[in-house]
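**Q** No sequence on hand, only this structure:
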């Protein structure tokens, strides 16, 4: 069993960096070079001098890091750490909706496979989805795979947004119910509520702030409260706790077991064995990157790849 200090020594000896998502186990977060949300971590990989990047997150995150960092070795320590929501949107479903809505832009959430991203017009995060869709001069807009985020984008942009597919959702956020927040507000009357847009509209309506995991962290500082109820995966409690804030889960059931599969030992094992290297078909990777770059350009943001 490795501890944080031992893993840090292994990473240094291999010239590797460890990127950990906000939902990872506390000890994995503590061992990481950087902790953040999915796209944020991929961009950090671009900025890193390390030639080996170990991505502690679910499959699509490591895949995206490999797409944006073709000159680096990207390792995903646990092949069973997959995203159920990403798996809900297949290439066949995308083609079906594109045929049904010819000419409509297809905006895909970053929580999707490389094959799906390759068919997208734009790739967004929960942080920038509203801003990007608001700039599209077209309706309806096809949006997948999360129907709750699609609904949130429609609310904020007043555009017709078609969820692709209509059943797409994050199982972790789906278990957070309105009743959970009602009870949490009673239990912690002084706490502000931070919710992820993957939550249902009933949950979002009770929140003081709705945003991505990184936006939640920023909001927790700016809102000025010492207590927060968190309507997202419980890994966020550790992040906020390290800021000296008291954070409580909206639901103790909001656990992504796929994220929690990655351990300090599995990171060391993947580095030692060379297993878990992420490979993406070059043609698919090129098309997926085009969609990502196109999205940054529409948002007026310069991507780190333009400096590399």
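**A** On my side now, so go ahead. These numbers come from a predicted model, not from an experiment.
**Q** Domain map for this structure?
**A** 4-82+259-277, 85-169, 176-249 (automatic domain parsing).
**Q** Out of those, which gets nearest to residue 300?
**A** Proximity to residue 300 (C-beta to C-beta) singles out domain 85-169 among those, at 9.3 Å. In short, each C-beta sits where N, CA and C put it, glycine included.
**Q** can you tell me which residues contact the residue lying closest to residue 94 once chain neighbours are set aside?
**A** In space, and not counting its chain neighbours, residue 94 is closest to residue 119: 4.9 Å by C-beta to C-beta, 6 or more residues apart in numbering. Neighbouring residues of residue 119 by C-beta atoms under 8 Å, 6 or more residues apart in numbering: 91, 94-95, 98, 106, 108, 287.
**Q** one more time with 7 Å
**A** Contact partners of residue 119, counting by C-beta atoms under 7 Å, 6 or more residues apart in numbering, are 91, 94, 106.
**Q** Now the second one: which helix or strand?
**A** Think residue 94. According to DSSP states H and E, residue 94 maps onto helix 91-100.
**Q** quick one: buried residues of that helix?
**A** By 16 or more other C-beta atoms under 10 Å, the buried positions in helix 91-100 come out as 93-94, 97.
**Q** ditto for stretch 167-179
**A** Under the neighbour-count rule (16+ other C-beta under 10 Å), stretch 167-179 has 168-170, 172-174, 176-177 buried.
**Q** And the helices in the stretch 151-300 of the chain, which stretches?
**A** For the stretch 151-300 of the chain, applying DSSP state H, counting those that start in this stretch gives helices covering 171-174, 178-187, 201-204, 213-222, 235-241, 264-273, 282-299.
**Q** could those be laid out in CSV, adding distance to residue 194 and mean pLDDT?
**A** Below are the helices of the stretch 151-300 of the chain laid out as CSV (distance: least, C-beta to C-beta, whole Å; pLDDT from 0 to 100):
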stretch, distance to residue 194, mean pLDDT
helix 171-174, 13, 98
helix 178-187, 11, 97
helix 201-204, 11, 98
helix 213-222, 4, 95
helix 235-241, 8, 96
helix 264-273, 28, 96
helix 282-299, 24, 95
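**Q** hmm, which helix or strand of this structure has the shakiest average pLDDT?
**A** Lowest on mean pLDDT, DSSP states H and E among the helices and strands of the chain sits helix 38-47, with a mean of 85.
**Q** What is the subsequent helix or strand relative to that one?
**A** With elements assigned by DSSP H and E, the helix or strand that comes after helix 38-47 is strand 52-56.
**Q** before we move on, back to that, identify whichever of the domains of the chain lies nearest to residue 301.
**A** domain 85-169 (8.4 Å).
**Q** by how many degrees do the least confident helix or strand of the chain and helix 213-222 diverge?
**A** 100 degrees (axes from the mean of the first three to the mean of the last three C-alpha atoms, to 10 degrees).
**Q** chain center to helix 38-47, what's the gap?
**A** Chain-centre distance of helix 38-47: 11 Å, with C-alpha atoms, centre = their mean, to the nearest Å.
**Q** Buried ones in that helix, by neighbour count?
**A** 38-46.
**Q** from those, which is closest to residue 138?
**A** Nearest to residue 138 out of the buried residues of helix 38-47 is residue 39 (C-beta to C-beta; 23.5 Å).
**Q** While we're on residue 29, how confident is the model there?
**A** pLDDT, residue 29: 97.
**Q** Between the two ends of stretch 19-30, how far is it?
**A** 11 Å (C-alpha to C-alpha, to the nearest Å).
**Q** what's it in contact with?
**A** Here stretch 19-30 has contacts from 4, 32-38, 41, 44-45, 53, 55-57, 61, 213, 233, 235-236, 238-239, 256, 259-260, 262-264, using C-beta under 7 Å, 6+ apart.
**Q** residues touching the most centrally placed residue in the chain, list them.
**A** For the chain, residue 38 is the residue whose C-alpha lies nearest the centre (C-alpha atoms, centre = their mean; 4.0 Å). By C-beta under 7 Å, 6+ apart, residue 38 lies in contact with 21, 57, 61, 64, 110.
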